[in-house]
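S.K.: whatever this is, show me its structure:
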Amino acid sequence: MPNSPETNEPVEVGSLNLELLQSISLAVAEARDVESVLQMIVAGLADKASCTLVRVWLTAPGDICNKCTLRTECPDQKLCLHLKAGMGRPTNPSSGDAWYRMDGDFRRFPLGVRIIGRIGATGQSECLLDTADDKEWIGRDDWLHREGIRSFVGHPLRFRDETLGVLGVFTRESLEPEKVNWLRLFADQAAVAIANARAFEEIEQLQRRLELENEYLREEVRAAQGFGEMVGESAALRKVLDQIGLVAPANTTALICGESGTGKELVARAIHERSRRKDHAMVKVNCGSVPRELFESEFFGHVKGAFTGAIRDRIGRFQLADRGTLFLDEIGEIPLDLQSKLLRVLQEGTFERIGDERTRKVDVRVIAATNRNLEQEVKAGRFREDLYYRLSVFPITIAPLRERPDDVPLLADRFLEQACRRLGAPPLRLKGRHVESLQSYDWPGNIRELQNLVERAVIGAQSGPLEFELPGDRHDSRQTLDATAKSGSGPKAVLTYSELKRQERDNLLAALQETHWRISGPAGAAKLLGLRPTTLASKIKAHGLRDG
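M.R.: Numbering: from 1, shown residues only. The predicted structure is shown next:
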């Protein structure tokens, strides 16, 4: 009784018969992944049915054409048969023959080339019941004679008029036509098992992809609840909205630039939602939070066993975003030596998973964002120039909040409404003094800082009035109210937004006229108003003030 080549333990070997093949078929049908199906096919025929060598090739795109031993015989280098499983019973197990190797000379067969390739191309079985009569089918006569091979049977693995691959069986016995027919029935059932396993794998892959997409969508909902819709009426925001309207219908890459907290992700989402890809996912990658050693796996995925800890296949972000949009936040954080891999995907739309020889093609629109000056990064040698130009086909720059004072009260009012609803607090509203105070601050943390400040104020208002505790370096420009109070006329308890804007405009104009339109310096209007020169310049522009 021979030993199993894998376990070196005795196995029960029987003669090739219909009942044995049916029992193997039933076992194979229970497998739910292609690799298990193939291994059960070759192990069942080799160990239990006393077949000398069993191999299975599956049809797939050409992948190793440059080093394939049959390259000169290949007609088009598009499709070929890939050796996926093999097992045998050599006469001398210690001879060193590659009975299990998947990387031998015949790991690929071009369709239509030699007997295996002809079976794959025509879908017709081929049998040699006496190998001594025909040497065309084999390239190693020494192996043929040493192992005493008498017969070869090759059957196509066909499912619904498609040839999935080829089952090749080598035996030391002369096979009767009846046994050849039994093997054909077995091959048909094996093809069904392979097709079913592929369907199960695809369902599992789609389920994992759906779970990831749902996770991304939940993150987007949380982000949307935080920043809400794009709120504001400043000229800077209107310019951004116009740019979104221009670039969204196109399929080009876009680069969103701006300080942290200005809402770059919100702009990316607006582009995606107005594009033809809106029915597919927008997948986000925060490049600054991905460990350097995991960049390739994060972007492109990996196959099981590619490295320690890779216990299952993993879909990368590019494949997950196929037909959708990939948002690469903080693109400037990608290590320089990995930027070439990203450039290849952007230019060619192709990539390989880690540990996989198969080249995959994706249709992904990339939107990148950064708070760095990438032109300076290129000059400093920290960012590839060709990648920068590939990303910045359509650049969009978001102005910081300090340059958009008109948007501050609108955003604060929206955040106030959201925070009250989220925290279960009674409705609150901004007063004139709140608006003036918020507009006077420079907002180094931009919209995100404003949102956090409003939420803290709502929490504090549970035990007192609504107050905004600005950081210590804020610039309080309440001269208008102070001057009115000193005059004894007494301001209204609450000013409307339009009244406040008009009052601020008059106050700015008075200060500019008094300082002869000097903005900065000890005798400038900024010093008189208690504002930073940049803030005053933004307010002058927002109110449309001009000298003379």
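
S.K.: where's residue 43, which helix or strand?
M.R.: helix 34-43 (DSSP states H and E).

S.K.: residue 302 and residue 354 touch, don't they?
M.R.: Yes. Taking contacts as Cβ atoms under 8 Å, residue 302 lies within contact range of residue 354: 3.8 Å. For the C-beta atoms, the positions are set from N, CA and C on the backbone; glycine is no exception.

S.K.: those two: which is more packed in?
M.R.: residue 302 (23 against 16; other Cβ atoms under 10 Å).

S.K.: which helices and strands does the helix holding residue 43 pack with?
M.R.: Packing contacts for helix 34-43, counted by 3 or more Cβ pairs under 8 Å, 6 or more residues apart in numbering; DSSP states H and E, involve helix 18-29, strand 53-61, strand 79-88, helix 177-227.

S.K.: could the ones you listed be laid out in a markdown table, adding mean pLDDT?
M.R.: Shown next, in a markdown table, are the helices and strands packed on helix 34-43 (pLDDT from 0 to 100):
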| stretch | mean pLDDT |
| --- | --- |
| helix 18-29 | 85 |
| strand 53-61 | 92 |
| strand 79-88 | 90 |
| helix 177-227 | 79 |
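
S.K.: for those, give me a markdown table that also has mean neighbour count.
M.R.: Below are these laid out as a markdown table (neighbours: other Cβ atoms under 10 Å):
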| stretch | mean neighbour count |
| --- | --- |
| helix 18-29 | 16 |
| strand 53-61 | 21 |
| strand 79-88 | 22 |
| helix 177-227 | 16 |
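
S.K.: which stretch among these comes nearest residue 522?
M.R.: helix 177-227 (39.8 Å; Cβ to Cβ).

S.K.: by mean pLDDT, flag the weakest helix or strand of the chain.
M.R.: helix 479-487 (a mean of 44; mean pLDDT, DSSP states H and E).

S.K.: re the thing from before, identify the contacts common to residue 302 and residue 354.
M.R.: Here residue 302 and residue 354 have 296, 310 as joint contacts, going by Cβ atoms under 8 Å, 6 or more residues apart in numbering.

S.K.: count the residues that sit near residue 463.
M.R.: 6.

S.K.: coming back round to it: quick one: closest of the helices and strands packed on helix 34-43 to residue 420.
M.R.: Nearest to residue 420, of these and by Cβ to Cβ, is helix 177-227 at 13.4 Å.

S.K.: any idea how far that closest one is from the chain center?
M.R.: 19 Å (Cα atoms, centre = their mean, to the nearest Å).

S.K.: please apply the same query to stretch 465-472.
M.R.: 41 Å.

S.K.: average model confidence for it?
M.R.: Averaged across stretch 465-472, pLDDT comes to 81.

S.K.: elements contacting the helix or strand harbouring residue 154?
M.R.: Following DSSP H and E, one finds residue 154 within strand 151-159. Applying 3+ Cβ pairs under 8 Å, 6+ apart, one finds that strand 151-159 contacts helix 114-122, strand 126-128, strand 162-171, helix 177-227.

S.K.: let me have the ones you listed in TSV, extended by distance to residue 69.
M.R.: Formatted as TSV, those follow (distance: least, Cβ to Cβ, whole Å):
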stretch	distance to residue 69
helix 114-122	11
strand 126-128	21
strand 162-171	17
helix 177-227	26
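
S.K.: with adjacent residues omitted, what lies nearest to residue 247?
M.R.: residue 394 (4.7 Å; Cβ to Cβ, 6 or more residues apart in numbering).

S.K.: could you check the pLDDT of the residue positioned nearest the centre of the chain?
M.R.: Nearest to the mean C-alpha position of the chain, counting by Cα atoms, centre = their mean, stands residue 317 at 1.4 Å. If you check residue 317, the pLDDT there is 91.

S.K.: which residues does it contact?
M.R.: 283, 285, 298-299, 326.

S.K.: mind redoing it with 6 Å?
M.R.: The contact partners of residue 317, by Cβ atoms under 6 Å, 6 or more residues apart in numbering, come to 283, 285, 299.

S.K.: just residue 184 next, same as before
M.R.: residue 155.

S.K.: then residue 467?
M.R.: Counting by Cβ under 6 Å, 6+ apart, residue 467 has no contacts.

S.K.: related to what we said a few turns ago, can I get the helices and strands packed on helix 34-43 in a markdown table including distance to residue 255?
M.R.: Formatted as a markdown table, these follow (distance: least, Cβ to Cβ, whole Å):
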| stretch | distance to residue 255 |
| --- | --- |
| helix 18-29 | 52 |
| strand 53-61 | 34 |
| strand 79-88 | 39 |
| helix 177-227 | 20 |
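
S.K.: among these, which comes closest to residue 536?
M.R.: helix 177-227 (27.6 Å).

S.K.: just give the nearest non-adjacent residue to residue 124, would you?
M.R.: Per Cβ to Cβ, 6+ apart, closest to residue 124 is residue 156, 6.9 Å.

S.K.: contacting residues for the one you found?
M.R.: Counted by Cβ under 6 Å, 6+ apart, residue 156 has contacts 119, 123, 163, 166.

S.K.: beta partners for it?
M.R.: residue 166 (DSSP bridges).

S.K.: and the pLDDT at it?
M.R.: Taking residue 156 on its own, its pLDDT is 95.

S.K.: what about it, distance to residue 183?
M.R.: 12 Å (Cβ to Cβ, to the nearest Å).

S.K.: now do residue 32
M.R.: Residue 32 sits 24 Å away from residue 183, going by Cβ to Cβ.

S.K.: ok, residue 403 next?
M.R.: Residue 403 is 77 Å from residue 183, by Cβ to Cβ.

S.K.: go on, residue 240?
M.R.: 68 Å.

S.K.: could you do residue 502 as well?
M.R.: From residue 502 to residue 183 the distance is 93 Å (Cβ to Cβ).

S.K.: residue 117 now?
M.R.: Plainly put, residue 117 is 19 Å away from residue 183 if you go by Cβ to Cβ.

S.K.: ok, residue 63 next?
M.R.: Relative to residue 183, and taking Cβ to Cβ, residue 63 is found at 29 Å.

S.K.: same deal with residue 364?
M.R.: From residue 364 to residue 183 the distance is 45 Å (Cβ to Cβ).

S.K.: residue 128 now?
M.R.: Residue 128 is 13 Å from residue 183, by Cβ to Cβ.

S.K.: can you name every helix or strand that the helix or strand harbouring residue 539 contacts?
M.R.: Using DSSP H and E, residue 539 sits within helix 533-543. If contacts are counted by 3 or more Cβ pairs under 6 Å, 6 or more residues apart in numbering; DSSP states H and E, helix 533-543 sits against no helix or strand.

S.K.: CA atoms of it as PDB?
M.R.: Extracted C-alpha coordinates of helix 533-543, given in PDB (Å, rounded to 0.1, in the frame of the first residue of the first chain):
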ATOM      1  CA  PRO A 533      -3.700  93.300   9.800                       C
ATOM      2  CA  THR A 534      -4.700  90.100   7.900                       C
ATOM      3  CA  THR A 535      -8.100  90.000   9.600                       C
ATOM      4  CA  LEU A 536      -8.700  93.700   8.900                       C
ATOM      5  CA  ALA A 537      -7.700  93.200   5.200                       C
ATOM      6  CA  SER A 538     -10.200  90.400   4.900                       C
ATOM      7  CA  LYS A 539     -13.000  92.500   6.500                       C
ATOM      8  CA  ILE A 540     -12.200  95.400   4.100                       C
ATOM      9  CA  LYS A 541     -12.500  93.100   1.100                       C
ATOM     10  CA  ALA A 542     -15.600  91.500   2.500                       C
ATOM     11  CA  HIS A 543     -17.400  94.800   3.000                       C
END
